[in-house]
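[1] Let me see the structure of the following:
(2 chains)
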Amino acid sequence: NAGVTQTPKFRVLKTGQSMTLLCAQDMNHEYMYWYRQDPGMGLRLIHYSVGEGTTAKGEVPDGYNVSRLKKQNFLLGLESAAPSQTSVYFCASSYLGTVTNEKLFFGSGTQLSVL
Amino acid sequence: DQQVKQNSPSLSVQEGRISILNCDYTNSMFDYFLWYKKYPAEGPTFLISISSIKDKNEDGRFTVFLNKSAKHLSLHIVPSQPGDSAVYFCAASATGSNYQLIWGAGTKLIIKP
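    The predicted structure follows:
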């Protein structure tokens, strides 16, 4: 079982470059999330989606865009990368939303460095 | 201002002994708490949870205790095993919180042989 798959696993960008992180899940989950994890801090929600074709802002959405064109995929885009976006990015999914206390299934993360 | 705090960045415990990981929160609206475990180069995986209507929840070697008056929860692992060496995250949510889990910074648990 693949679960939640993130690509790429590592990426180095120069300031101002753009990129897209891909998240794919094969569990038929409705809900998908993008988090970032920074040293000394907990995971922070960037954007989330409650179903195909829907997206919403989380706690730290600035500088990111997302799309959920297919139920199994959730894309995170950085249009103009900044050093402050250096972080580890995690995608997660759940059958129901976290508001119903459904546990999350996470991908293995993407280490992004912006120089 | 961190609403969920794990004040110990790391903890070292002898194999076979009890590991106690602590978590404090400030938001009295939180009514559900979860613990996740994370190995290097992997994403977090769900470990155990507790609702605010309970003060204890057990699952095998893992027990979570909730003290609502102190806004404190703890995860007990008994007995500790080498495979328990990982980073443990505490997370909290409030009913109607619009899909937001608030996470602590994590505690790295090291089990010594």
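
[2] Point out where chain B drops to low pLDDT.
    Residue ranges of chain B with pLDDT under 70: B:1, B:98.

[3] pretty sure A:Gly53 contacts A:Ser67?
    No: the pair A:Gly53 and A:Ser67 does not pass the contact test of Cβ atoms under 8 Å, sitting 9.1 Å apart. All C-beta atoms are positioned from the backbone trio N, CA, C, and that covers glycine.

[4] So between these two, which is more surrounded?
    Legend: neighbour count by other Cβ atoms under 10 Å in any protein chain shown for A:Gly53 and A:Ser67, higher for A:Ser67 (15 against 11).

[5] Let me see the backbone angles for the more buried one.
    phi -150, psi 150 (degrees, to the nearest 10).

[6] you'd agree A:Thr7 is up against A:Thr20?
    No: A:Thr7 sits out of contact with A:Thr20 when judged by Cβ under 8 Å, with a separation of 9.7 Å.

[7] what does chain A put close to chain B?
    Residues of chain A lying close to chain B (Cβ under 8 Å from any Cβ of the partner chain) are A:4, A:31, A:33, A:40-45, A:48, A:50, A:56, A:58-59, A:90, A:92, A:97-99, A:101, A:103-109.

[8] ok so B:Gly83 is a helix residue?
    Yes: the assignment for B:Gly83 is a helix, going by DSSP: H, G, I helix; E, B strand; the rest coil.

[9] which residues does it contact?
    B:Ile111 (Cβ atoms under 8 Å, 6 or more residues apart in numbering or on different chains).

[10] Please apply the same query to B:Lys68.
    Counting by Cβ under 8 Å, 6+ apart, B:Lys68 touches B:52, B:55.

[11] Phi and psi next, for it.
    When read as degrees, to the nearest 10, the backbone of B:Lys68 gives phi -70, psi -40.

[12] Look up how far chain A lies from it.
    In this view, B:Lys68 and chain A are 17 Å apart by Cβ to the nearest Cβ, to the nearest Å.

[13] I'd say A:Pro8 and A:Ser108 touch.
    No: look at A:Pro8 against A:Ser108 with Cβ under 8 Å: they stay out of range, at 11.1 Å.

[14] In chain B, what residue spans correspond to strands?
    Along chain B, counting by DSSP state E, strands occupy B:4-5, B:10-14, B:19-25, B:32-38, B:45-51, B:56-59, B:62-67, B:72-77, B:86-93, B:102-103, B:107-112.

[15] Make JSON lines out of those and add mean neighbour count.
    Listed next are the strands of chain B as JSON lines, based on neighbours: other Cβ atoms under 10 Å in any protein chain shown:
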{"stretch": "strand B:4-5", "mean neighbour count": "20"}
{"stretch": "strand B:10-14", "mean neighbour count": "13"}
{"stretch": "strand B:19-25", "mean neighbour count": "21"}
{"stretch": "strand B:32-38", "mean neighbour count": "22"}
{"stretch": "strand B:45-51", "mean neighbour count": "17"}
{"stretch": "strand B:56-59", "mean neighbour count": "12"}
{"stretch": "strand B:62-67", "mean neighbour count": "18"}
{"stretch": "strand B:72-77", "mean neighbour count": "19"}
{"stretch": "strand B:86-93", "mean neighbour count": "24"}
{"stretch": "strand B:102-103", "mean neighbour count": "23"}
{"stretch": "strand B:107-112", "mean neighbour count": "17"}
